[in-house]
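K.L.:
Give me a model of this one.
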Amino acid sequence: EQARRGVEDDCLTAPFDGAVTSLTAVPGQTVGTGPIIRIASTQDLLARIYLDETDADKATLGNRVHLTLDAYPDLLLEGEIVIVEPALDFVDGTPVVVIWVDLPDTPEVAVLPGMTVEAEVVADEALGALLVPIQALHELDAGSYAVFVVQEDGTLLLTPVTPGLRDYANVQILSGLQAGDVVSTGTVETR
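P.N.:
Just a heads-up that it's a prediction; the model follows:
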């Protein structure tokens, strides 16, 4: 009975299914408290993503994430945020929000733990939206916007608009313009 218990006490059991990827000890070696075995899960993989703290508002559970693995640059994967760590971390002295994204199963390629991935978080989305270049939008007063619409005779008409989503290049127009309207992105002097 003592021998059986001794064997049971000498067995290491991983808390999850996976593959041993590193073993830094040999039988009979005395080891300390540092890690000697590395086990990686090969199923239900997660990608650890670092977001700048200014993008913390995009770190929302369920937000979709477009992923591109450096090893497979032509393969676009889509996952979603499943974990948002509750405290900032630091990468090279820069504060970051750490999120974890589920990686979909990819039978066409082998995704290995430790691969490098590029990620784009989809915080908001507007399909079939009317867009104008961000340079065309002019703020008249706080919360009041307009664009200059080019008329058939070449003159410009200041037209109030309601902007929606925007990025660094474009702004969605919710009202005030029609598809096909031509807007000016140049500098305009008004009297």
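K.L.:
and the host helix or strand of L67, which residues are buried?
P.N.:
Element membership for L67, per DSSP states H and E: strand 64-69. Neighbour-count burial for strand 64-69 flags V65, L67, T68, L69 (criterion: 16 or more other C-beta atoms under 10 Å). All C-beta spots, glycine's among them, are computed from the backbone N, C-alpha and C.
K.L.:
next one: stretch 162-171
P.N.:
P163, N170, V171.
K.L.:
Surely the first one and Y145 touch.
P.N.:
Looking back up the chat, that one is P163. Yes. The criterion here is C-beta atoms under 8 Å, and P163 meets it with Y145 at 5.3 Å.
K.L.:
re earlier: which members of the buried residues of stretch 162-171 occur in strands, if any?
P.N.:
P163, N170, V171 (DSSP state E).
K.L.:
what's the pLDDT at T190?
P.N.:
Turning to T190, the model gives it a pLDDT of 59.
K.L.:
And for F148?
P.N.:
The model's pLDDT for F148 equals 94.
K.L.:
For the helix or strand hosting it, name the packing helices and strands.
P.N.:
Element membership of F148, judged by DSSP H and E, is strand 144-150. Judged by 3 or more C-beta pairs under 8 Å, 6 or more residues apart in numbering; DSSP states H and E, strand 144-150 is in contact with strand 138-141, strand 156-166.
K.L.:
Could you give the secondary structure assignment for D9?
P.N.:
helix (DSSP: H, G, I helix; E, B strand; the rest coil).
K.L.:
ok, now how distant is it from G34?
P.N.:
To G34, D9 is 20 Å away according to C-beta to C-beta, to the nearest Å.
K.L.:
what's next to the lengthiest strand in the chain, contact-wise?
P.N.:
The longest strand of the chain (DSSP E) is strand 72-84. Strand 72-84 is contacted by residues 46-47, 59-69, 97-104, 106, 108-109, 121 when judged by C-beta atoms under 8 Å, 6 or more residues apart in numbering.
K.L.:
Give me the subset of the residues you listed that lies in strands.
P.N.:
Those of the contacts of strand 72-84 lying in strands (DSSP E): 46-47, 64-69, 97-102, 121.
K.L.:
Show me which pair in the residues you listed is furthest apart.
P.N.:
Farthest apart among the ones in strands among the contacts of strand 72-84 by C-beta to C-beta are L69 and V97. That separation is 21.6 Å.
K.L.:
Find the nearest non-adjacent residue to the spatially most central residue of the chain, please.
P.N.:
Note on the chain: the residue nearest the mean C-alpha position is V121, at 2.9 Å, using C-alpha atoms, centre = their mean. The shortest distance from V121 to any non-neighbouring residue, by C-beta to C-beta, 6 or more residues apart in numbering, is to K58 (4.7 Å).
K.L.:
Near that neighbour, how many residues? Count them for me, please.
P.N.:
17 (other C-beta atoms under 10 Å).
K.L.:
contacting residues around it?
P.N.:
L51, V121, A123.
K.L.:
can you rerun that using 10 Å?
P.N.:
Listed by C-beta atoms under 10 Å, 6 or more residues apart in numbering, the contact set of K58 reads L51, D52, V65, I81, V97, I99, V121, V122, A123, D124.
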